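Participant: sequence? don't have it. structure:
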C-alpha cells in the first residue's frame with residue numbers, strides 16, 4: 001500500500017470517530033493490523049476493504065480514491081474528544097509494562113512464600129499464578145473500556161480449583177462455569193452501550 005492510501009485510511013478512521021482499537025473490534029481484527037495499514041506496512045484484503053466501505057457508508061472507490069478530507073471534518077468535536085482519549089490511552093500504555101511486571105512478580109512471590117511457609121501449600125498455591133493473566137486482562141479491560149477483554153473463564157477456573165483443592169468443594173461449585181456465557185453476553189451488551197454513549 002502506498003502512503004497516500006494509508007493516510008486516507010487514517011483520515012477516514014479519525015473523521016468517523018474511531019480509535020484504532022475500536023475500528024479493529026468493529027472489523028474483527030487486531031489493532032496492530034490497523035496500525036500497519038496506516039503506516040503503509042501492510043494492505044487490507046478485499047473483505048476488509050468492503051467492510052470499511054460499509055462501515056463508513058461509502059463506495060469502495062471513494063474509500064480509496066476520494067478527495068482529501070478537510071481540516072474541519074478532521075477537527076470535529078467528536079474528533080477532539082477522541083484526541084483527548086488517545087492521550088489517556090498513551091498514558092495507560094506507558095504504565096502497562098510496569099503493571100504487568102509488578103503484578104507478575106507479586107503473585108510469583110506470593111506463590112513461593114506460601115509454598116515455603118505453609119505446610120502442603122505447594123499443592124494449591126500454584127493457583128496464584130493463574131491470577132497473573134486475570135489481573136493483566138482486568139487492567140486492559142478497564143483501560144480500553146471493553147469488558148470482553150477480561151479473562152473471566154480463567155478467573156472462574158482459579159476460584160474453582162482453589163475451592164476444590166483446598167476445601168474439597170468440587171461439587172456443586174462446577175456450576176460456576178455456567179456463569180461464563182452469561183458474563184460474555186453481559187459484557188458484549190455493556191461494550192455496545194459504552195460505544196454508543198461515546199459516539200453520541
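Facilitator: Sure thing, it's come through. Computed from a prediction, not measured in an experiment: that's the story for all the values here.
Participant: excluding chain neighbours, what is closest to the residue nearest to the spatial centre of the chain?
Facilitator: With distances taken as Cα atoms, centre = their mean, the residue of the chain nearest its centroid is residue 149 (4.7 Å). Nearest non-adjacent residue to residue 149, counting by Cβ to Cβ, 6 or more residues apart in numbering: residue 141, 4.3 Å away. Just so you know, the C-beta spots here come from the backbone N, C-alpha and C atoms, and that holds for glycine as well.
Participant: secondary structure element for the one you found, which one?
Facilitator: helix 127-144 (DSSP states H and E).
Participant: taking the chain centroid, which residue in this structure is the extreme one?
Facilitator: Distance from the C-alpha centroid of the chain, by Cα atoms, centre = their mean, peaks at residue 119 (39.4 Å).
Participant: OK, contacts around that residue?
Facilitator: Not one residue lies near residue 119 by Cβ atoms under 8 Å, 6 or more residues apart in numbering.
Participant: where does it sit: helix, strand or coil?
Facilitator: What DSSP: H, G, I helix; E, B strand; the rest coil gives for residue 119 is coil.
Participant: helices of this structure, start to end?
Facilitator: Here the chain has its helices, by DSSP state H, at 3-15, 20-27, 31-38, 46-56, 60-65, 71-74, 77-117, 127-144, 152-167, 179-199.
Participant: returning to what we had before: hang on, the residue nearest to the centre of the chain packs against residue 136?
Facilitator: No - in this structure residue 149 lies outside contact range of residue 136 using Cβ atoms under 8 Å: 9.8 Å.
Participant: on that earlier part again, dihedrals phi and psi, the residue farthest from the centre of the chain?
Facilitator: phi -60, psi 140 (degrees, to the nearest 10).
Participant: kind regards, and thank you for your time.
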